[in-house]
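A.B. asks: Got a predicted model here, sequence first, then my questions.
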Amino acid sequence: QVQLVESGGGLVQAGGSLRLSCVASGLISRVNTMGWYRQAPGKQRELVADITSGGGSTNYADSVMGRCTISRDNAKNTLNLQMNSLTPDDTAVYYCNARGLGYSSAGIGPFDSWGQGTQVTVSS
């Protein structure tokens, strides 16, 4: 099993910044794409940003383009999201996702893991 633990959420005023972090642990062979998703009350979960294993390719939702930067440290299996110029529309639970190959009693196989989520609240 692969576990993801997020941190860095909280309450911030509009215009402020937050940095989210996620650490992957467990029997990992390789972590491929990692990403941040968010879910606001009454809405579906949506992609915020993701990044390939080498970090050479990133993808951002239009709503956060230019305000957020995703990065990763493969040696530490960590994922970060720097969020600037936050608005109340950014209020949501933010989830870390990781996909790759992991070990189990059955051998090596794919995993697609989610963290428990971290709350981000932006006040106006």
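C.D. replies: Received, thanks.

A.B. asks: need the strands for the protein, in chain order.
C.D. replies: 2-7, 10-13, 18-26, 28-39, 46-51, 58-60, 68-73, 78-83, 92-104, 107-114, 118-123 (DSSP state E).

A.B. asks: could the ones you listed go into TSV alongside mean neighbour count and mean pLDDT?
C.D. replies: (Glycine included, C-beta is placed from N, CA and C.) Formatted as TSV, the strands of the chain follow (neighbours: other C-beta atoms under 10 Å; pLDDT from 0 to 100):
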stretch	mean neighbour count	mean pLDDT
strand 2-7	18	96
strand 10-13	13	98
strand 18-26	18	97
strand 28-39	19	95
strand 46-51	19	98
strand 58-60	16	97
strand 68-73	19	96
strand 78-83	21	97
strand 92-104	19	96
strand 107-114	13	95
strand 118-123	17	98
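
A.B. asks: Which residue, neighbours along the chain excluded, lies closest to the spatially most central residue of the chain?
C.D. replies: The centroid of the chain falls nearest to Trp36 when counting by C-alpha atoms, centre = their mean (2.7 Å). Nearest-residue entry for Trp36: Val48, 4.3 Å, with adjacent residues in sequence omitted and distances by C-beta to C-beta, 6 or more residues apart in numbering.

A.B. asks: now swap in Ser53 and tell me
C.D. replies: Asn32 (4.9 Å).
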